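Visitor: Please work out how this folds:
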Amino acid sequence: MKIVIEFNVRQTENPVPIEELNCLNETICVFKSDSSCFQATTQAHSSYGLKVEFSPDSTTVVTCGADCKINVIKTADLSSIATHSLPSMKWVWDCAFSADSNFLVTASSDGTARLWNLSTGEAIRQYQGNQKPLTCLAFRDRSLDNYH
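Guide: Okay, the predicted model is just below:
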């Protein structure tokens, strides 16, 4: 079964057609891809949710938000695995997983990209130098030699 996860949906009972849902910014909502019926929600952020990203192995979802946090959530049951932040972080706008799903790169309003080890929760590298907020990024950790 494929699932779709979106921000901005209020929590309510199953099943609810999409057109009947009201918006809130801190909740993510799961829909079956073959249906417009709502399946589940989970609290993601205390402020605006800005990005949702599935891991390549589909076992994890990460959300980024205006509350300066990234949330790591298990896709099987929407349980929280971890929440990561640093005192210097501002809004986290974007994220991208490594091909093995073990690392995450984030982009934030403080102009810094951070490489996170998801098993330890540690920001193991910071890429600084942007004078303005960093609002998007891409992460490619495979060799381009395999692509012709």
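
Visitor: shaky segments in the chain?
Guide: Residue ranges of the chain with pLDDT under 70: 1-43, 142-148.

Visitor: what's the domain layout of it?
Guide: 1-43, 48-140 (automatic domain parsing).

Visitor: Please enumerate the strands of this structure.
Guide: Taking DSSP state E, the strands of the chain run over residues 3-7, 27-32, 38-43, 49-54, 60-65, 70-74, 80-84, 92-97, 103-108, 113-117, 122-127.

Visitor: can I get the ones you listed in a markdown table with distance to A138 and mean neighbour count?
Guide: Bear in mind the C-beta positions are built from the backbone N, C-alpha and C, glycine included. Output for the strands of the chain, formatted as a markdown table (distance: least, Cβ to Cβ, whole Å; neighbours: other Cβ atoms under 10 Å):
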| stretch | distance to A138 | mean neighbour count |
| --- | --- | --- |
| strand 3-7 | 20 | 17 |
| strand 27-32 | 22 | 19 |
| strand 38-43 | 27 | 18 |
| strand 49-54 | 12 | 19 |
| strand 60-65 | 15 | 23 |
| strand 70-74 | 17 | 21 |
| strand 80-84 | 20 | 15 |
| strand 92-97 | 6 | 22 |
| strand 103-108 | 9 | 23 |
| strand 113-117 | 11 | 20 |
| strand 122-127 | 13 | 13 |
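
Visitor: Let me know which of those strands is the nearest to D141.
Guide: Minimum separation from D141 across the strands of the chain (Cβ to Cβ) falls at strand 103-108, 7.7 Å.

Visitor: helices or strands up against that closest one?
Guide: Applying 3 or more Cβ pairs under 8 Å, 6 or more residues apart in numbering; DSSP states H and E, we find strand 103-108 packed against strand 92-97, strand 113-117.

Visitor: Please convert the ones you listed to a markdown table, extending it with distance to F103.
Guide: Output for the helices and strands packed on strand 103-108, formatted as a markdown table (distance: least, Cβ to Cβ, whole Å):
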| stretch | distance to F103 |
| --- | --- |
| strand 92-97 | 7 |
| strand 113-117 | 6 |
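
Visitor: Looking at these, which is nearest to R140?
Guide: The closest of these to R140 is strand 92-97. By Cβ to Cβ, the value is 8.7 Å.

Visitor: And the helices and strands packed on strand 103-108: which comes nearest T63?
Guide: Across the helices and strands packed on strand 103-108, closest to T63 is strand 92-97 (Cβ to Cβ), at 8.5 Å.
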